[in-house]
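In: missing the sequence, but the structure's below:
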């Protein structure tokens, strides 16, 4: 969508048999090999032999949604500090060594995970293993480097949220929709927490969560699984095991009436976000089709020029200049369906809200057409096929689902589950969840933007 921030099984021996995925969709799809080392590290290997390239990703089950009030943003700050060196590899060595070996890499922090990755020529995979397994347990947290990186994150927050009206609306919207819940806190952290964060907080967080028992190693590309497992055993397999105690899964507070909030900020155009509490895969064991029906519903409304939002709100009614949806069926703690939009010139946010609710009403009272269902389902098949062209994304899908829901196989079931969704099921979820008492609306009320002369710049 156009504005939102853009997610111990039974032990296996080192030489376990490969776990077969849903083969047959494409000649590029092969097996996924799965193993768990004695120290608890989960290893997933996806073969793709089209090019002599390999992607190595290490995922930790830790992110913004694990953080209590008072230390929000700590996972992201620690991600920055992970590049500040160990005894074996001082500051700057990590990136330099990867670059000297013709590779590239980076990291990212989400609500439910933190991940580090490198892309290399296949013969250089051991370089990644040596470096990542070292900083998994031997990170040096230097006080001066910490002060610098904390300030970097503070400035990052200021640029991405404090100085961006729509981002500020989104942040306040999520806090209202998820009161006293981890999903109501920003991944980058509240400014008040970042400013008070201490080095000892980071040390405790690192010791608590950066353990092989809390990590998933994903390797995708032109590799031999047995060779990868042997190399990983010599590096990651030597990391000390430690028990990781995870926080309890918090309940989402029951919403019983519509919530509205307005944010006044300098901006050129108005903006609105509307959201509804809905189930994710983790929430829906009895009606496990509902998340997939919601995903299809999202595609009906916002799936290109033929989707209803573009066709009706933008082209026909001319009530919006942009409108989109966002829904993640694989969220770890709770599902949520979001809609955001900008009103067209001469239209108000109230006009826009009524137009959006009109489209929801259509879904509640009229079955979507077979042509619309076919379009969305064809888009899903095409998307899943195109994703196979990216070795990085093949690995990322495995890491995302294994780190959030402990089940990478959900990626293999995705297309089939969406193909099974019916028009009646789309109507059922629209009726069940999209009502006023389950709705939160946040609006940006644009204030005059100061010119450079007024600000003195």
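Out: Done, it's in. In this text the structure is predicted, and so the values were computed from the model without any measurement.

In: quick one, domains of the chain?
Out: Per automatic domain parsing, the domain ranges recorded for the chain read 32-238, 259-454.

In: which stretch in those domains has the least confidence?
Out: Note on the domains of the chain: domain 259-454 shows the lowest mean pLDDT, a mean of 93.

In: can you say which of the domains of the chain is nearest to residue 247?
Out: Ranking those by proximity to residue 247 (CB to CB) places domain 32-238 first, at 6.1 Å. In short, each C-beta sits where N, CA and C put it, glycine included.

In: for residue 319, grab phi and psi.
Out: Dihedral pair for residue 319: phi -100, psi -10, per degrees, to the nearest 10.

In: and residue 302, by the same measure?
Out: Here is the backbone geometry of residue 302 (degrees, to the nearest 10): phi -140, psi 80.

In: which residues does the residue nearest to residue 243 when sequence neighbours are not counted contact?
Out: Spatially, and ignoring its direct neighbours in sequence, residue 243 is nearest to residue 213 (6.8 Å; CB to CB, 6 or more residues apart in numbering). Residue 213 makes contact with 8, 39, 40, 41, 241, 242, 243, 244, according to CB atoms under 8 Å, 6 or more residues apart in numbering.

In: would you mind writing the PyMOL command to select the buried ones in the residues you listed?
Out: Applying 16 or more other CB atoms under 10 Å to these, the buried members can be selected in PyMOL as follows:
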select buried, resi 39+40+41+242+244
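
In: relative to residue 158, which of the contacts of residue 213 is nearest.
Out: The nearest one, if we look at these relative to residue 158 and count by CB to CB, is residue 244, at 32.9 Å.

In: with adjacent residues omitted, what lies nearest to that closest one?
Out: residue 214 (4.2 Å).

In: same check, this time on residue 433
Out: Per CB to CB, 6+ apart, closest to residue 433 is residue 278, 4.7 Å.

In: show me the beta-bridge partners of that neighbour.
Out: residue 335 (DSSP bridges).

In: start and end of stretch 86-98, how far apart?
Out: Using CA to CA, to the nearest Å, one end of stretch 86-98 lies 15 Å from the other.

In: that stretch: which residues count as buried?
Out: 86, 89, 94, 97, 98.

In: and for it, what's in contact with it?
Out: 83-85, 104-105, 118, 120, 127-128, 131, 134-135, 138-140, 142, 145.

In: identify those among the residues you listed that sit within helices.
Out: Counting by DSSP state H, the contacts of stretch 86-98 place 127, 128, 131, 134, 135, 145 in helices.

In: out of the residues you listed, grab the one that's most surrounded.
Out: residue 128 (28 neighbours; other CB atoms under 10 Å).

In: surely that one and residue 103 touch.
Out: Yes - using CB atoms under 8 Å, residue 128 makes contact with residue 103 at a distance of 7.4 Å.

In: skipping its backbone neighbours, what lies nearest residue 184 in space?
Out: Distances taken as CB to CB, 6+ apart put residue 178 closest to residue 184, at 3.4 Å, once the chain neighbours are dropped.

In: oops, could you answer that again for residue 180 instead?
Out: residue 253 (6.3 Å).

In: quick one: secondary structure of the one you found?
Out: The three-state label given to residue 253 by DSSP: H, G, I helix; E, B strand; the rest coil is coil.

In: wait, it sits on residue 181?
Out: Yes - using CB under 8 Å, residue 253 is in contact with residue 181, at 6.6 Å.

In: ok, the two, which is more surrounded?
Out: Taking neighbours as other CB under 10 Å, residue 253 and residue 181 compare with residue 181 leading, 17 against 13.
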